[in-house]
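**Student:** need coordinates for the following:
(one chain, ligands or ions: 2)
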Amino acid sequence: MDTMAQEIHDGPEAGTLTDGFHLIIDALKLNDIKTIYNVPGIPITDLGRYMQAEGLRVLSFRHEQHAGYAAATAGYLTKKPGICLTVSAPGFLNGLTALAHATTNCFPMILISGSSEREIVDLQQGDYEEMDQLAIAKPLCKAAYRVLHAEDIGIGIARAIRAAVSGRPGGVYLDLPAKLMGQTMDAEAGAKSLVKVIDAAPRQLPAPEAIARALKVLKGAKRPLIILGKGAAYAQADDDIRALVEKSGIPFLPMSMAKGLLPDTHPQSAGPARSLVLKESDVVVMIGARLNWLLSHGKGKSWGDQPKQFVQIDIEPKEMDSNVEIAAPVVGDIGSCVSALHEAMGKDWTPPPSEWTELVDSKKQANLDKMAPKLQNNNVPMDYHGALGALRTIIKERPDAILVNEGANTLDFTRSIIDMFQPRKRLDVGTWGVMGIGMGTAIAAAVETGKPVLAIEGDSAFGFSGMEIETICRYNLPICVVVFNNNGIYRGTDVNPTGGADVAPTVFVKDARYDKMMEAFGGVGVYATSPDDLTRAVNEAMDSGRPTLVNAVIDEKAGTESGRIGNLNPQSVVAKK
Ligand code: ADP
Ligand code: MG
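**Tutor:** Ligands and ions are numbered 1, 2, ... in the order given. Reported below is the predicted structural model:
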C-alpha cells in the first residue's frame, strides 16, 4: 500500500495535506456512493484499497466487462450512478462495452478508469498502456470528463454524477490520470473543493397543454393500449403508474424489463395477447419505452393495418418522432407526467369499450390455455416448457426474488413463460440483447437489494461471464445460476458439413458439467435432468442463500435458430444449410 498517502490522510499531519486518492473517495462518499465495482491493477490498485479502508464497499471482479454490467445494473436499480473502476487501456476497453450498454439502456453509470501520463500519451511516445481514453469513450457515452488537478476532483465527480442521472440517464466516462492520485493539496482547501450534488435528477413537469393534448387523443380511442417500458420501471413511480393504468381501464403491455411493474397476472395485462393488441390498437400510450427494433419501429406487419396514433411519455424530447409521428408528445419525468395525466382524466373518464377489452381477454385466455399443459410436462431430457414451468412456480412463490435472464431460446421462453409480480425484478439483456450480462447483473442485483437472485442462463450466454462465479462465491452472494445446457448455441445438433474433425461452429462439448465449476470455488453444484430435480435444487438454493449452479440438461434438439429473432439473420441465396 502507498503508505505515504495513508500517512498524509490519517497520520500526524492529518488536516494539513490530502491527496488525489482521498479527494476522489471523499467526493464519492459525500454523494452517497457506497459500492465500487472494480478490477484492480495499475494505476488504481491503491485507490481500491483506500476506498475499502475508508468504508466504501469494493467488489473486485475477474473481468472489467462484468464489473461494468454490475455498475450499470446498480444504476438501474437505485437511480444513483453505479461505479465501475478499471485500469488503463485494456481494462478501460473491457469496461467500455458495459458503458455503451448502460448508455443504450438509459442506465446511470460512471466508468472511472486510470490512465497514463498525458504528456507522453499526447506526444504518442509509447507510454505504459498508452491510449487517449477520453477520445475513445466519448462517442459511447452521454458525457466524458478528465480531471488533471486535485482541486478539480470535486467538480469532476459532481459533473459525472449529474450527467449520469439527470434527464435521460446514461453512461459517463471519468478519466483519472495516474499522476492525479498522488497530487497533494491543503486538506482544508481540499474539503472545500468537494461538491455535494443537490437535486441530481430534478423533476421535469410536463406542460399542461401537452397533457390536454394527450387526453384528447386518448378520449378519441376505441382500442387503446398502454406500453410500459423499462424507463417506467426505472422511474420508481410504481404507485402512480398503477393508479393511471387502473383508472384508465386500458390493456397494458409490459416490455421485457417492465414486467412486474404491474403483476403479469393483472386483469388488464395484455402480455399473452401481444400480437393482437399491437395489430388492432388504434391509440398507443408509450410510457418510458422506445419505438426501436424491439417494437418493430412502430410500423410494419406486426403493427397491422389499423391507423395508429401515439401518445409518448418520455424525459427525452428527441425521442419523439424518432420512428413514427407522435400525435401527443408528453415530455417530462414519468412520475410527474403519469400523475398529471391521471389527474386530468378526472371524474368523467370512461374506460375503453368492452368489445375491445373482451377481445383482448379472450385472446389472452386462449393463449394461456394453449400454454398451460406444455408447462406441466415432465420430459427427460427437459424441453424449455418443462424446465420453465418448474421455475415459473418458484418465482410465483417467491415474488421478491430477482430474475436475471439471458440466452436466445432461454431468453425468449423465460420472458414469455415466467410471470413477474413486482417492479424491477426482471433484469435481462436490454436494448442490444447483450450476451454476457448474466453474472455481473446477478451480482449487482444481490448486492444492491439483498434479495435472492435466480439467473436463468443459456449455456452459451453463461460462458461470457462464467468466471465470475468465483466472485459470487468469494462474496458468498445469494445467487442461484441455472444453466440451460443444450450443448450449444441455439441447438446442440449442428454438424460440420465437410465431415472434418472440428464440430460445427455452434456446438459445445457435449454434456459439459457447469455444476462442477461452481463446486471448484466452494459453491453448490447440482446436475438436474428433470423438472422435479430443478424445483428441488432451486428451492434449496433460494432457502439457503448459498451460491449455487444448477446444470439443467435441456434436449439439444429443443431450440430454434436465434430464438425469436431469427428473422434478423441475413440469408444466403447460394449456400445450403
Ligand atoms: P424498453 O426497452 O423497455 O422499451 P427503453 O429503454 O427502450 O425501454 O426506453 C426507456 C425510455 O425511458 C427512454 O426513452 C428514456 O428516455 C425514458 N426514461 C428513462 N427514465 C425516465 C424517467 N425518469 N422519466 C421519463 N422517461 C424516462
Ligand atoms: Mg444453448
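
**Student:** contact partners of stretch 518-534?
**Tutor:** Residues lying outside stretch 518-534 but in contact with it, judged by Cβ atoms under 8 Å, 6 or more residues apart in numbering, are 377-378, 380-382, 386-387, 389-391, 469-470, 472-474, 481-482, 513-517, 537, 540-541, 544, 546-553. C-beta here means a position set from N, CA and C on the backbone, and glycine is covered the same way.

**Student:** per-domain residue ranges of the chain.
**Tutor:** Following automatic domain parsing, one gets these domains for the chain: 3-193, 208-361, 376-553.

**Student:** what about the strands in the stretch 201-350 of the chain?
**Tutor:** Using DSSP state E, counting those that start in this stretch, the strands of the stretch 201-350 of the chain run over 224-228, 252-254, 283-287, 309-314, 328-331.

**Student:** near ligand 2 too, which of the contacts of stretch 518-534?
**Tutor:** The subset of those within reach of ligand 2, counting by Cβ under 5 Å from the ion, is empty.

**Student:** circling back to that earlier point, which one of the domains of the chain lies closest to ligand 1?
**Tutor:** Each of the domains of the chain has some distance to ligand 1 by Cβ to the nearest ligand atom; the shortest is domain 208-361, at 1.8 Å.

**Student:** run the contact check for that closest one versus ligand 1.
**Tutor:** Yes - for a cut-off given as Cβ under 6 Å from any ligand atom, domain 208-361 has contacts with ligand 1, namely 229-231, 234-235, 255, 257-258, 288-290, 292, 294, 314-316, 319, 333-334.

**Student:** and if you look at stretch 67-81?
**Tutor:** No - residues of stretch 67-81 are not located near ligand 1 by Cβ under 6 Å from any ligand atom, the shortest gap being 8.1 Å.

**Student:** could you do stretch 426-440 as well?
**Tutor:** Yes - judged by Cβ under 6 Å from any ligand atom, stretch 426-440 and ligand 1 are in contact via Thr431.

**Student:** buried ones in that stretch?
**Tutor:** By neighbour count on 16 or more other Cβ atoms under 10 Å, the buried set for stretch 426-440 is 426-431, 433-440.

**Student:** export that stretch as PDB, just CAs?
**Tutor:** Extracted C-alpha coordinates of stretch 426-440, given in PDB (Å, rounded to 0.1, in the frame of the first residue of the first chain):
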ATOM      1  CA  ARG A 426     -36.600  -8.900 -14.100                       C
ATOM      2  CA  LEU A 427     -33.100  -8.000 -15.400                       C
ATOM      3  CA  ASP A 428     -32.100  -9.100 -18.800                       C
ATOM      4  CA  VAL A 429     -30.100  -8.400 -22.000                       C
ATOM      5  CA  GLY A 430     -31.600  -5.000 -22.500                       C
ATOM      6  CA  THR A 431     -31.900  -2.900 -25.700                       C
ATOM      7  CA  TRP A 432     -29.000  -4.500 -27.600                       C
ATOM      8  CA  GLY A 433     -29.700  -8.100 -26.500                       C
ATOM      9  CA  VAL A 434     -26.200  -8.400 -25.000                       C
ATOM     10  CA  MET A 435     -25.000 -11.900 -24.300                       C
ATOM     11  CA  GLY A 436     -22.700 -11.700 -21.200                       C
ATOM     12  CA  ILE A 437     -24.700  -9.500 -18.800                       C
ATOM     13  CA  GLY A 438     -25.500 -12.500 -16.700                       C
ATOM     14  CA  MET A 439     -23.100 -12.800 -13.700                       C
ATOM     15  CA  GLY A 440     -22.300  -9.100 -13.400                       C
END
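
**Student:** offset the numbering so it begins at 136, please.
**Tutor:** I'll keep to 136 as the first residue from here, and by that count the last item is stretch 561-575.

**Student:** is it up against ligand 2 anywhere?
**Tutor:** No - contact check for stretch 561-575 against ligand 2, using Cβ under 5 Å from the ion: none in range, with a minimum separation of 10.7 Å.

**Student:** in the stretch 286-435 of the chain, what residue lies closest to ligand 2?
**Tutor:** Residue nearest to ligand 2 within the stretch 286-435 of the chain: Ser391 (19.3 Å; Cβ to the ion).

**Student:** contacting residues for that residue?
**Tutor:** Counting by Cβ under 8 Å, 6+ apart, Ser391 touches 365, 429, 550, 561, 563.

**Student:** okay, it: pLDDT?
**Tutor:** Ser391 is assigned a pLDDT of 98 by the prediction.

**Student:** now list the buried members of the residues of domain 343-496 next to ligand 1.
**Tutor:** Buried members of the residues of domain 343-496 next to ligand 1, scored by 16+ other Cβ under 10 Å, are 364-366, 369-370, 390, 392-393, 423-425, 449-450, 454, 468-469.

**Student:** mind listing which of those residues are in helices?
**Tutor:** If you go by DSSP state H, these have 365-366, 369, 469 in helices.

**Student:** nearest to Ser383, of those residues?
**Tutor:** Lowest distance from Ser383 to those (Cβ to Cβ) belongs to Ile469, with 15.2 Å.

**Student:** in this structure the closest one contacts Val420, no?
**Tutor:** No - shown here, Ile469 and Val420 do not form a contact pair, counting by Cβ atoms under 8 Å, at 11.9 Å.

**Student:** which neighbours do these two share?
**Tutor:** Counting by Cβ under 8 Å, 6+ apart, the residues touching both Ile469 and Val420 are Ile448.

**Student:** still on that earlier bit, just the buried ones from the contacts of stretch 653-669?
**Tutor:** Judged by neighbour count, with 16+ other Cβ under 10 Å as the criterion, the buried members of the contacts of stretch 653-669 are 516-517, 521-522, 524-526, 604-605, 607-609, 616-617, 649-650, 652, 672, 676, 681-688.

**Student:** can you give me the first-to-last residue distance of stretch 281-297?
**Tutor:** End-to-end span of stretch 281-297 (Cα to Cα, to the nearest Å): 15 Å.

**Student:** what residues does that stretch touch?
**Tutor:** With Cβ under 8 Å, 6+ apart as the contact definition, stretch 281-297 has outside contacts at 153-155, 158-159, 162-163, 166, 216, 245, 250, 253, 269, 278, 280, 307, 309-312, 315, 318-320, 324-325, 328-332, 335.

**Student:** go again using 6 Å as the cut-off
**Tutor:** 155, 158-159, 162, 166, 216, 245, 269, 280, 307, 309-310, 315, 318, 320, 328-330, 332, 335 (Cβ atoms under 6 Å, 6 or more residues apart in numbering).

**Student:** next step: those residues restricted to strands.
**Tutor:** Secondary-structure check on the contacts of stretch 281-297 using DSSP state E: residues within strands are 245, 280, 307, 309-310, 320.

**Student:** spatially, which two of those are the most separated?
**Tutor:** With distances taken as Cβ to Cβ, the most widely separated pair in the ones in strands among the contacts of stretch 281-297 is Val307 and Met320, at 24.3 Å.

**Student:** who's more crowded, these two?
**Tutor:** Taking other Cβ atoms under 10 Å, Val307 and Met320 do not tie; Val307 has more neighbours (27 against 17).

**Student:** just to check, that one is in contact with Lys273?
**Tutor:** No - with contact taken as Cβ atoms under 6 Å, Val307 and Lys273 are classed as non-touching, separated by 10.8 Å.

**Student:** return the residues of the stretch 236-385 of the chain in contact with ligand 1.
**Tutor:** Counting by Cβ under 6 Å from any ligand atom, the residues of the stretch 236-385 of the chain close to ligand 1 are 240-241, 303-304, 364-366, 369-370.
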